[in-house]
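Asks: Just to be clear, the model below is a prediction. Sequence and coordinates:
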Amino acid sequence: METEEPSGRRPTPEEARAALQAAQSAQTDAAAALRPPWWYFASLAALVAVSPLATQLPSTVAGITAFIVFMLLWLTAFGMTLRLFISRAGLVPRFSREQTRRVWLCMIAVGALGTAAAVLKLGFDQNWAMIAFAEILAVAILVIGLFGGRRASA
């Protein structure tokens, strides 16, 4: 960064503080204006929606092998979707305290629902539970992605 004065004078603490605040404000404004493209949430929802297929495989060597292959392909597709969005948007993820709290609350809620679905499936032979869990999660991703980030225009 160049200074405006040719003498090479260092900025005062007040000038440095103002420049830092201006840079942080510009970064915050740029992040607030970023909207993920439609395909991002649609891709995540589709990946979540198809994940219960893996739970329907038989408990045989072939079924377990197919499950491992399915999960490796699923994780690869999930990672590629995230990476594509992050690279195209030029993001360096950095959450505020409030955003971190929201992420943790979502993770706890999803973990609790997933655990309940697993207990219903494994403990009570309710095969529908994992499918319902994945489909509810897919719909939640779409709704939050498409409508959750909307702000009123200033």
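Replies: It's in.
Asks: For the host helix or strand of Val143, which residues meet the burial criterion?
Replies: Val143 is part of helix 128-143 when elements are defined by DSSP states H and E. Of the residues in helix 128-143, those buried by neighbour count under the rule 16 or more other C-beta atoms under 10 Å are Ala129, Met130, Ile131, Phe133, Ala134, Leu137, Ala138, Ala140, Ile141, Leu142. Using the backbone N, CA and C atoms, a C-beta is placed for each residue, glycine as well.
Asks: same check, this time on stretch 105-118
Replies: Residues of stretch 105-118 classed as buried under the neighbour-count rule (16+ other C-beta under 10 Å) are Leu113, Ala117.
Asks: Convert the C-alpha atoms of that stretch to PDB, please.
Replies: Once side chains and other backbone atoms are set aside, the C-alpha atoms of stretch 105-118 remain, and they are given as PDB (Å, rounded to 0.1, in the frame of the first residue of the first chain):
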ATOM      1  CA  LEU A 105     -27.200 -24.700  16.800                       C
ATOM      2  CA  CYS A 106     -27.900 -26.100  13.400                       C
ATOM      3  CA  MET A 107     -25.300 -28.800  13.800                       C
ATOM      4  CA  ILE A 108     -26.800 -29.800  17.200                       C
ATOM      5  CA  ALA A 109     -30.300 -29.800  15.800                       C
ATOM      6  CA  VAL A 110     -29.200 -31.900  12.800                       C
ATOM      7  CA  GLY A 111     -27.300 -34.300  15.000                       C
ATOM      8  CA  ALA A 112     -30.200 -34.800  17.300                       C
ATOM      9  CA  LEU A 113     -32.600 -35.400  14.500                       C
ATOM     10  CA  GLY A 114     -30.200 -37.800  12.800                       C
ATOM     11  CA  THR A 115     -29.600 -39.700  16.000                       C
ATOM     12  CA  ALA A 116     -33.400 -40.000  16.600                       C
ATOM     13  CA  ALA A 117     -33.800 -41.300  13.000                       C
ATOM     14  CA  ALA A 118     -31.000 -43.800  13.500                       C
END
